[in-house]
Every structure is written in structure tokens, then in C-alpha cells.
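Enquirer: predicted coordinates and the sequence they were generated for:
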Amino acid sequence: MKISRRQFLIGGLTTTGMAASKNPAGAASSDSPELRIKGLKTTTTICPFCAVGCGMIVYVKEGKVVNIEGDDLSPINQGALCSKGEALFQVANNNRRLQKPMYRAPGSDRWEEKSWDWVLDRIAKRMKETRDSTFMPKELNKKDGKEYTVNRTEGLAILGGASLDNEECYLLGKFARSVGIVYLEHQARL
Amino acid sequence: MTNHWNDLKNSDCIMAIGCNPAENHPVSFKWIEAAKEKGAILIAVDPRFTRTASKADIYAHIRPGTDIAFIGGLINYALQNNLIHKEYVREYTNAPFIIVEKFDFNEGMFGKWDDNEKAYDMNAWAYAIDESGRARRDPTLKDPRCVFQLLKKHYSRYDVETVCAVTGTKKDDYLRVAQTFCGTGRPDRAGTILYAMGITQSTHGTQNVRAVAMLQMLLGNIGIAGGGVNALRGESNVQGSTDHGLLFHQLPGYLPSPEYSDATLEATLTKRLPKTNEPKSANWWQHGGKYAISLLKAWWGQDATAENGFCYDYLPKRSGNYSYIYVMRKVLQGHVEGLVCMGMNPAMGGPNSLKEREALGRLKWLVTADLWETETSIFWKRPGVNPKDINTEVFMLPAAASTEKEGSITNSGRWAQWRYKAVESPGEAKSDLWIIDQFSTRLKAVYAKEGGAFPDPIVKLAWDYGHEPDVHRVAREINGYFTRDTSVKEKDKTLEFKAGDQVPSFTYLSDDGSTVSGCWIYCGSYTREGNMMARRDPTDLPNGLGIHPKWAWAWPANRRILYNRASVNRAGEPFDPKRPVIVWNQVEKQWQGDVPDGGAPPLNDDKGTYPIIMNPEGVGRLYALTLRDGPFPEHYEPVESPARNLLSRVQHNPLVKVTSDIEVDLDKYPYVGTTYRVTEHWQAGAMTRSLPWLVELVPNMFVEISQSLAKSKGIRNGDRVRVSTERGSLEAFALVTARIKPFIVEGRSIEQVGMPWHFGYAGMATGDSANILTSAVESPDSSIPEYKAFLCNIEKGGKRP
């Protein structure tokens, strides 16, 4: 009988395929320890590295990621991962991960830890100041001498997107254009 | 990709040019090996003998920047040896179309060149039109002014001898490639071309890809299983970010972003939406107005009405080319006050890193959102600078990892796959969704309270995604919904929709304000039936071609192979019955298999349509009308090249603006430099150089050189070396390898120096950045920098000059 790898690990077997073991799959027995992933909550995700889009299964214990492996159900990778995908565990668990908003004052040589409210309010203030002082409702065209409505700012620029989800990309573009930003680019250009 | 990853298993011949899937898209090799198990041939065309080359049946050595010569030679070979798919070429391409007399090509230049504008007059490249407004054509393909004959004439100059002299490929290897790949022109053979940055990062990058598409059209490989023009994209959602219009020249769904001269919505749509006099062309972009208006409704909601042009005035209008290089130049000149980098690292990813880093110091303020410190967020304390001299205010925001948020991403094969949140982010890190929502809601609040410069587009922006925000609300808006109760007549029945119902497909999007859709090509991804991107049924179709129609959702309309109407003949019968992508069921009067590319009956039927639905002509363009540097790809040398152009007297692409940091003196810089990637690191390195397992595998920056170059410079494997270009110099370890060999250029041996570009000064494992060496000279069509071919020097020793 064809057994999926995940069934095997989670212990979905009830047939004679496991006749050799007296215990259900995943339980400890005299010659092997209990599987670390037994009974853990799982979610699926897609690898954040290249654009093959390999499926992954994430195992969580007490709010922490304890294992990430390929999703055997995905027709794209059928459970396989490359070395980067296999190392995603170390993105989920890494003491170099940024945990707090940080601020660097002009001319300063260090970071200062700030609250989200503080940084976001100040960023909104900066965005508004820059937009207000650089917004161009109209532009005089040098070639034909006519004035055109352009409603844009060239004082602000936004870069990024390839590592953002679709929904995040959509909101970034919607936000950028509402502000009148035309300097909007990302990794696809390079 | 026109096709998708699993489809590779259907191919008879896979040509990987300017890409290295074994190392940079490793799991894709599953499907390449599945094809090989069935007897498929793998061809690797690369300046280096890569891991892909090591698995290939044929390896062709190619000098960086000479891909048009290589592909042009294959085009010539296919034409001269009658290996093209004749019926396909005649019916599904513009091969029979007649071109106006003004079109000309002479000594490397197309007619007509305007020396004042430094550009071509593209009117000289038009189709000759008959009285009914359709392009005149010769179905016998014999007229000397027809595309087919002009194509033959143009590429007759790309004979095998000349091509190999340019590319440095061994003639025997080249002939094997030509015979094998052009052998897929048979209707029962499928050839696929995989490509990536190796051919795009060039001052003729767009034309490189054009050449690939042309070869595939000649061989009848577009629209079939195991065929196609397949870009191996590099980031997990660069496909999605492109789809959602995060480039200056686009709006979501590949609508063009408006320019200053696009004064009103109506005038813009009239000017830009293509019309056709070809009765059998679906001309899909004629519907662009419905998509644009549905987008504007998504952005300004109820405030967007027919009376005010759906708030079209709120959209900023551009007056030029604001590509990445242009923007960073403006930053360097001090013209940009504030920059927001959402998971992007310009201090690493752009060309001429020293200038990029200097530019960041001209900003008044900088916001970054990343999982880690990056070269960009800590540019102000990078090695060699005094923070006191840098006045940029920097906000470094902690971002959530992929396992800490829910949403969809789209792979290279256009499959949008949903993923889930496993855990909370560490500390106070937040998703980009939350961060962007905060930017927008706070800016709206402050403009509503204080007023300011033209607040309307911000204050009236339709922005209501809930407190957290709710990613499903966003996904539903992207798909789109009806703004009022709507009845739609569909063949013999009437469908009823209520206000707020999800739109089932983009064929229901309207230009009267009754529909909202954030991105028309994603319409169908989140319907009344639910989130199609979250589907997890891996069952394949009975045809076994790896379509997997119920796994996630592909744009557009869940179609897995684009242009699949070209896989059948005029009667709707598959050219290759063994690989039936779509089949017309004469009894039920419908298509079976993949989602057909246009549901109309076969071409022979009265209501039948041509297969290339996104072109107004309905057929593929062997001859292109809209690329500024020419209707046919022509070989030119990279801007920094060790060789004279052997094809003509024009050294490099005439439309390229040569930057001041270019140097072609071979005494100063005698070697060809190129950059690439390794499996263990990813892009600018932030996501991998702080992971101990990956750092253990590749801990250091290195450059690869041939055994002969090493010997002549006294460099041994593991020595510290210094590589320099006109832009800057770097230090690295030398990796001496047999995988790299010199090129013979006009009798001289020209060595190459290759290197990965992942290293920088931030993170756990640091090293010098390859982009210190590259130049911001860009392609005139796409503005991509020519990272893949430059001139450099190498010396033993680690001390900088």
C-alpha cells in the first residue's frame, strides 16, 4: 500500500505495513526514541528564496519553529528542498534577527531603540514634509512650452517588493501612487 | 515563464542559456532529470562549466555578451537547413507580413537613424497596410519584403564560422547544439529554452530574450508542452512584485503607468489600447480600459466615478525613464530627500556599489524594513566612513519572516501559492503588510488633520483592511468584486451577482464602475468559491503533462501553458497527439485539457481566433515593431569588451548611453569579468550570510580563475587576490579551477574572472561586494545594468592599491 511520507511520520498507519513494530508510529520503543515532531502543530509555507516555489511544512512547539522540511504533497518539489530551503530553520531561529525598531540620528554613530509609535509617527512626518515641499501639481514641458498636470513628487522614492507577498506588493504600489511617488522600482529591474 | 516548472519533464531538448538551474533553482532539476530519464537532451551554454554543464549532454562555451551571435546562428541554422515548423510559422507568426520599403539594415544599423535624437525612426519599421487596414501578407513566404525573407537575409550573416569566432564556442560543440536543438522544429518534438540573468543583464538584454523567442517561434515551440520561453526568476515573489506593477513604467497587471501627455483617462485609453483590423484576432489588450477602471475603483472606491474619470487625475504622471539607475543617480545628486527600502538592499544589488553607498549619504532620511541589518541600513557606519560626516536620518524597521505571516507568493511559473503563519515574529518584528498599512493610515490621518500639498489622493484613498490588517481582505480586493448588483448574460444563461460578490473572472470586469479589481490578471484567484491560491489537490490531468490544475492557482485564469492555442492546428488538433495540451471536443464544442488561451473554437471555425492573443495581430512577432533598438536582434559587443564586433562596424548597441566610468583599455583591464550566484547564498546575502549552516558551506568571497591565468599571474588556489575595474577594486580568495577557460578572440587568448556577488560588510559572514566592480551602463529597452560582462584586472596580494 502506498504510504505518504507525512502519514508515516505522523503515524497514520493502521495496517500490517508496520507489523514489525508493536507500537504505533511515532511512539517510543525500546530500539528507537520518540519522534521529536510527534503531535506537533504544522502549517505549510512556500520557500522565500528562489522562484521555484517549493512547498514546506513547518513544525511548531510552544510557539517556536522546531523543524522545517519539504512538503511532499507539493507537485513542484515533492518534499525536496535545496540547501537554502533546508536552512530556513535558521531564519526562523536566529539571534541576529531584528526585534525592535531602531533609529539613527543624523551624524550619530549608533542605533537607538525606539517604539513603533515613535518611528511610525516620525516617518509619517518626514513623508509629509518631503512631499509637501517637493510636490509638483503641474510641469512646464520644455519641448512644447505647454503646462501639464502631473501631480507627482520626485522627492520620495520607494524600492523593494521581490521578497514581499502579493498582498504586500499590491498595498505598497497603491500607497506609493496615492502619495504621487513615481520613483518606484525593485529587484526585477536589476 | 510561458510554461512552468513541472512542464520541463515534457521536453525533448532543454537548452539552458545564461542560467544555471542546477545551482540556482536546484529543485527544478527534478523535472530536468525526469525529462532526461525519458531520453531528453540537456544543453548548457555558459562562460563557465557550471554544475548544470556537468549534467548536460552538450556543453557550449560562450563569451559573456555574445548570446545574440549564438542564438542568431541557431536561427540561421534552422532556416538554412529547413528545420523550422513550417505550418506553425506560416499560420501563427508574422512571417508572411510585408514590411514597408523604408525598412533597411546596413553595416550594423537599421534605417532610419536620427543623429539628433540619437534614436531610430520607428515608423520606418511598420507593416505595409492594405485597403482594409490589415497588414499585407504573402502566405507563400517568398516576397522579398516579407518578414520571413527579411529574417533569412538578416541572419544569413550568422554563419557557423563567424558565430564561433565571436562566441568562442568550439565549432563541433556548436554544430551539435544546432543539430539537436533545431531538431525540435518537428511537430512531434518539443524544445524548451531556460534563461536568466546571464542573458538579461546586458546592454542588449531585451534583444537577447527576443532572439530566444524568435528561435522558439520558428521551431513551433511556443504554446506546447515541453516548450516555451522560460525565465528562471530569482526571488520567491519577484513574479508577483512585477505583476503588481512595482516598476516605474507599469501599473498592476502590466497596464502602462501614465505619462505627462496622457492628460485624460479617455484620451489615454484611446491612444494606448491597441486596435486591430484583423477579424480573427482576439487582441486581448483592447479590454485594457476595463482593467484600468476596475483598478482605479479599487484605489479610490466610491470617490472614483465616470464623471471624474475615476480619479484618474490622482495618478501621478511621469515625464521620463525613472528606472533604478536613474533614481539612484538622482539620490547621488541630492535630489531625493527620502527613500523607503522594503526588503531591498541598493548598497549591494545595484551596479557600482561605491557610488550607491555614497548616494545613500545624500538622503535626508532613509527607512528600511528587513529581517536583519543590511549593507543599506548600516551604510552610515560601513568600513571606511566616519558617521559624523553622514547626516542621513535612518529608521531600521524589524520585519517578519515568511513563516511569521500569511499571504500568497507567485513562482516563476505564475503559480500563486498561499502560505500560512506558523509562529509570531520575534520581539516586535512586524509583517510588511502591517508596516505598509501603518504608513498609509498615519499619512492619511496627518493629511486629513493638517492639509498640505494636494491631499485628495491620499485622504480619499480607499484603505480599509481592518486593524491588523486582514490579508484576506487585500487578496479579495486584488481579485475584485462587484460594486453593485449585476446581471451578466453568459451564452444561454444569466448570472446574478450581488454587490460585494467576488468577480469570477476578468471577462466580467467592466469599465462602467461596477467592478473593482486590484490586478486583473489575478481575477479568478479569490472567488465566491474561496481562495483558489490555497488549494492543495495535486492531482494531474489525465493527459499526465504536469498541469496539476487544482494545486494553487496560476494567472491568468489558471492557465498553465500560455499561448496553448498554438499547440493545435487550425482544426484544433494537437500538432503532437502525444502531448495534447488542449484538444477541441467537436461533440461538446469545447476545449479539454489546460485552460485554453482564448475559449473560442479552433481557427477554421467562423468564430475561431488566432493564438497569440496579447498581440493585436494575433500572431507572434518574428519581426518586432516596438523595440527601440531594432526589429531584429543584432549582435553588438558589450560596452566593455576585449573584442571588435565581427558582425559589423558598430561596436555596441547604438542606443546605449555610455557612462563616464567605462574603460576599454585592455592594457589596464585585460580580462573579461562576470558575476553569478552560488546555491548556498542568495542575492544580496542578507538572508543567508547570517545562517551558520550556509556560512559553513560557503564562508568567504572568492573569485574563480582558470589554471592558465593562475599560472601566468603566480596565483595559487586560496591566495588572496585583488580584482579591479574602472569603478573600484575588491579583495577575495582565488579559486583556481578547470571549470573556467579562456576565450580565443581574433587569435588572442582572453581570460575571464568570475565571481559570486553575495558578499558585503553586514551580517555574520562578510566580504567584498562584486558590484564594486560593475558599471551602471544600461540596456536602452529595460534599463538593466550590464553586470555580466565587463573588463577587469587581477593581481596577487590582498592589499588595496
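Expert: On my side now, so go ahead. What you see is a predicted model, and the numbers here were worked out from it, not measured in a lab.
Enquirer: got the domain boundaries for chain A?
Expert: The record's domain parsing of chain A by automatic domain parsing lists A:1-39, A:42-97, A:102-189.
Enquirer: report pLDDT for the residue nearest to A:Arg96 when sequence neighbours are not counted.
Expert: Excluding the flanking residues, the one nearest A:Arg96 by CB to CB, 6 or more residues apart in numbering or on different chains is B:Ser690, at 4.6 Å. Placement of C-beta: from N, CA and C, glycine included. The model reports B:Ser690 with a pLDDT of 98.
Enquirer: quickly find the element holding the residue in chain A sticking out farthest from the centre.
Expert: Centroid-distance maximum for chain A: A:Gly145 at 47.6 Å, with CA atoms, centre = their mean. For A:Gly145, there is no enclosing helix or strand under DSSP states H and E.
Enquirer: okay, now the unreliable bits of the chain?
Expert: No chain was given, so I picked chain A. Scanning chain A for pLDDT under 70 picks out A:1-31.
Enquirer: I was after chain B.
Expert: B:799-801.
Enquirer: pick out the residue of it closest to chain A.
Expert: Using CB to the nearest CB, the closest approach of chain B to chain A is made by B:Gly427 at 2.4 Å.
Enquirer: separation between that residue and B:Leu655?
Expert: From B:Gly427 across to B:Leu655, the span is 50 Å (CB to CB, to the nearest Å).
Enquirer: closest point of chain A to chain B, which residue?
Expert: Closest point on chain A to chain B, by CB to the nearest CB, is A:Gln99, at 2.4 Å.
Enquirer: what's that residue in contact with, if anything?
Expert: Residues near A:Gln99 by CB atoms under 8 Å, 6 or more residues apart in numbering or on different chains: B:Pro398, B:Pro426, B:Gly427, B:Glu428, B:Ala429.
Enquirer: would you map the strands across the stretch 201-350 of chain B?
Expert: B:229-231, B:250-251, B:255-256, B:338-342 (DSSP state E, counting those that start in this stretch).
Enquirer: grab the nearest non-local neighbour of the residue of chain A closest to chain B.
Expert: B:Gly427 (2.4 Å).
Enquirer: under a three-state scheme, what state does the one you found occupy?
Expert: coil (DSSP: H, G, I helix; E, B strand; the rest coil).
Enquirer: what's around it, how many residues?
Expert: Residues near B:Gly427, counting by other CB atoms under 10 Å in any protein chain shown, number 12.
Enquirer: can you flag the buried ones in the contacts of A:Gln99?
Expert: For these, a burial check counting by 16 or more other CB atoms under 10 Å in any protein chain shown picks out B:Pro398, B:Pro426, B:Ala429.
Enquirer: redo those as a markdown table? Include distance to B:Lys489.
Expert: Converted to a markdown table, those look like this (distance: CB to CB, whole Å):
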| residue | distance to B:Lys489 |
| --- | --- |
| B:Pro398 | 52 |
| B:Pro426 | 54 |
| B:Ala429 | 50 |
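Enquirer: pull the longest strand from chain A.
Expert: Across chain A, the longest stretch assigned as strand under DSSP state E is strand A:147-160.
Enquirer: send me it as PDB with only the CA atoms.
Expert: Provided in PDB are the C-alpha atoms of strand A:147-160 (Å, rounded to 0.1, in the frame of the first residue of the first chain):
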ATOM      1  CA  GLU A 147       1.800  73.100 -18.900                       C
ATOM      2  CA  TYR A 148       0.700  69.600 -17.900                       C
ATOM      3  CA  THR A 149      -0.900  68.300 -14.800                       C
ATOM      4  CA  VAL A 150       1.500  65.700 -13.300                       C
ATOM      5  CA  ASN A 151       0.600  65.500  -9.600                       C
ATOM      6  CA  ARG A 152       3.800  63.800  -8.600                       C
ATOM      7  CA  THR A 153       6.700  64.100  -6.200                       C
ATOM      8  CA  GLU A 154      10.300  63.400  -7.100                       C
ATOM      9  CA  GLY A 155      11.500  63.900  -3.600                       C
ATOM     10  CA  LEU A 156      10.400  60.500  -2.400                       C
ATOM     11  CA  ALA A 157      11.400  57.000  -3.700                       C
ATOM     12  CA  ILE A 158      10.400  53.500  -2.800                       C
ATOM     13  CA  LEU A 159      12.500  50.400  -3.600                       C
ATOM     14  CA  GLY A 160      11.500  46.900  -3.000                       C
END
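Enquirer: next one: that strand to chain centre, how far?
Expert: The chain centre lies 28 Å from the centre of strand A:147-160; the measure is CA atoms, centre = their mean, to the nearest Å.
Enquirer: got it, and stretch B:479-492?
Expert: The answer for stretch B:479-492 is 34 Å, by CA atoms, centre = their mean.
Enquirer: and that stretch, what's buried?
Expert: Judged by neighbour count (16+ other CB under 10 Å), stretch B:479-492 contains these buried residues: B:Asn479, B:Gly480, B:Tyr481, B:Phe482, B:Thr483, B:Thr486, B:Val488.
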